[in-house]
Structures are given as structure tokens and as C-alpha cells.
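Novice: structure for this input, please:
(one chain, ligands or ions: 2)
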Amino acid sequence: MANLLKLDENYFANRFTSKALALARLGYYPPCPRPDLVLGFKPHCDGGALSILFVEEHTRGLQVLKDGKWYDVLCEPYTLLINIGECMEIMTNGIFKSPTHRVLTNAVKERFSVVMFYGVDEETMIEPAPGLLDEKRLANYTKVHGNDYYASVFGHFRQGKTIKDILKV
Ligand SMILES: O=C(O)CCC(=O)C(=O)O
Ligand SMILES: [Fe+2]
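Specialist: Ligands and ions are numbered 1, 2, ... in the order given. Predicted coordinates for the structure are as follows:
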């Protein structure tokens, strides 16, 4: 990603030190008799930098929001899905977008997923990369200390808010 943005190739990698956050979430979605009323996971953006998702073969349910419409994300067998988190959207000044996604329930089939969330070091400032900014390309997000960012992630999720929207200039 740093190469694509013509940044120093270690710009992002340097922010993932031994203190960087890594968190696994194992998801089990039991069959639900009323998929029309109940979501498996409410709409949200992942708060970290990158998420790696593994969904059991042929299981549907994950959807992504684009232009106000929900689209199924079809996971091929034995593939990993890489999702961009809000932290990466901020650091790339919005060039890479963190998609809003949700999980539907299924009336007959259960669903398993494994997600690994990777976040930058909590001592890092989370801010648009200075190399992406100049007098014509202004910062689209205000900077925030990693500690404060992580402290607010779950609270914002509960309130249905996204951090990138709060930090938008
Ligand atoms: O279970 C899934 O497929 C996705 C779960 C998810 O979006 C998350 O844990 O952030
Ligand atoms: Fe997610």
C-alpha cells in the first residue's frame, strides 16, 4: 500500500512494532428463525488498520455497503478476505476506504468465521501520512493519539458511530 501511494515503503510497516495490536474474533452465528428481523452483526467499519477474515467454505452472510446498497461478499473456499480498517483510511487520508459491512443471519445454516484484526502501535499518532499532503491535498482527518483512538473504538461501535466520521475535518 505504501508503494502504491509512493510513500517510503516502510511508512506503514514501521507503525506495526511489537507493541502493535492483534486481536482474534471467532464468530459463531447460529441459525436464526427470523433473518428478516435479526442481523448477525450490525453495520460497522472495522476500527483497526487491516482485518483478515476467514469464512467457512460456501457460507454467505457477509455484505458490504456501496452507494446505499448492500452487496453479498462471496468468499471462495480457502481464501482470506482482507478488509481495510478505519485507521488505514485515516492514514491514507481517505484514498483507501474502510467499507461498511454487516452479517446477515440464516434460517437454516449456522456460520463460522475467524477474523484477525491488526492495529498500529498504540503509542503511534494516527494521522494522514504527511507524504500525502501538500497545499492542494489537505488532511481530511484530524490526528489522534493511538491510545485515545483505541480507547474510543468500542464505545463508538456501541453507539453505532464510526471514528473516521468523527475525525473528519
Ligand atoms: O463474521 C464475519 O464474517 C465478519 C465479522 C466482522 O465484521 C467483524 O468481526 O468485524
Ligand atoms: Fe467487521
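
Novice: for K109, see how far away the nearest residue to L104 once chain neighbours are set aside is.
Specialist: Sequence neighbours aside, G61 is the residue nearest to L104 in space, at 4.8 Å (criterion: CB to CB, 6 or more residues apart in numbering). Bear in mind the C-beta positions are built from the backbone N, C-alpha and C, glycine included. Applying CB to CB, to the nearest Å, the value for G61 to K109 is 9 Å.

Novice: any idea which residue of the chain lies closest to ligand 1?
Specialist: Residue nearest to ligand 1 within the chain (CB to the nearest ligand atom): S113, separated by 3.3 Å.

Novice: so what's that residue bridging to?
Specialist: In this entry, S113 is beta-bridged to G27, V55, by DSSP bridges.

Novice: tell me which residues touch it, please.
Specialist: L26, G27, Y29, L53, F54, V55, E56, T59, L62, V103 (CB atoms under 8 Å, 6 or more residues apart in numbering).

Novice: dump these to a markdown table, plus distance to ligand 1, neighbour count and pLDDT.
Specialist: Putting the contacts of S113 into a markdown table (distance: CB to the nearest ligand atom, whole Å; neighbours: other CB atoms under 10 Å; pLDDT from 0 to 100) gives the following:
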| residue | distance to ligand 1 | neighbour count | pLDDT |
| --- | --- | --- | --- |
| L26 | 9 | 8 | 95 |
| G27 | 4 | 16 | 93 |
| Y29 | 7 | 20 | 94 |
| L53 | 6 | 21 | 95 |
| F54 | 9 | 14 | 91 |
| V55 | 5 | 24 | 83 |
| E56 | 10 | 14 | 77 |
| T59 | 8 | 16 | 71 |
| L62 | 5 | 22 | 94 |
| V103 | 5 | 21 | 96 |
